[in-house]
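One predicted model, sequence on top.
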Amino acid sequence: MQTQRQQQQMSVVTLGVADLARSKRFYVGGFGWRPAFENEEIVFYQMNGFVLGTWLKDQLAADSRREAAPSSGFALAHNVATEQAVDETLDRLADHGGRLMRPADAPPHGGRRGYVADPDGHAWEIAWNPAFPISPEGYVTFGL
């Protein structure tokens, strides 16, 4: 009997936030992203192949029936096209409410990376890796 392989995809990543306006300043002003939908509780950003949501953390906790709690067990990543763009992006995000966690440097595996936290403490790695090409549509391909 053959088993059907499940599609490897992610539909939505939702981050709990304390203040939508403060969060929006970081994502819209810092990254330059445009909301696809927003109301008084949530903002959705259409990404390349999935949706990123920023939802008031109390509402997210109620919806998922769990306590709102900070998490440091993950980091999101935003790859950029050039080595110089790592520093520029980190600076712009810090200017729009982010907190620099790790200044840009060269990791042992090559490229350049740094970390910034959004206003709610969600960690973002800003990275340039020549082995991870970015298509014109913004899709990153895992490099070997």
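Perfect, thanks for sending it.

Do you have the strands of the protein handy? List them.
Under the criterion DSSP state E, strands of the chain are mapped to 12-17, 35-38, 42-46, 51-56, 76-79, 99-105, 112-117, 123-128.

Please identify which of these is closest to residue 6.
When the strands of the chain are compared by Cβ to Cβ, strand 12-17 sits nearest residue 6, at 17.0 Å. In this view, the C-beta of every residue, glycine as well, is placed from N, C-alpha and C.

What residues sit buried inside that closest one?
Within strand 12-17, the residues that count as buried by 16 or more other Cβ atoms under 10 Å are 15, 16, 17.

how far is it from where the chain is centred?
Put simply, strand 12-17 sits 10 Å off its chain's centre (Cα atoms, centre = their mean, to the nearest Å).

Counting neighbours, what do you get for residue 20?
17 (other Cβ atoms under 10 Å).

Surely it and residue 40 touch.
Yes - taking Cβ atoms under 8 Å as the definition, residue 20 is a contact partner of residue 40 at 7.5 Å.
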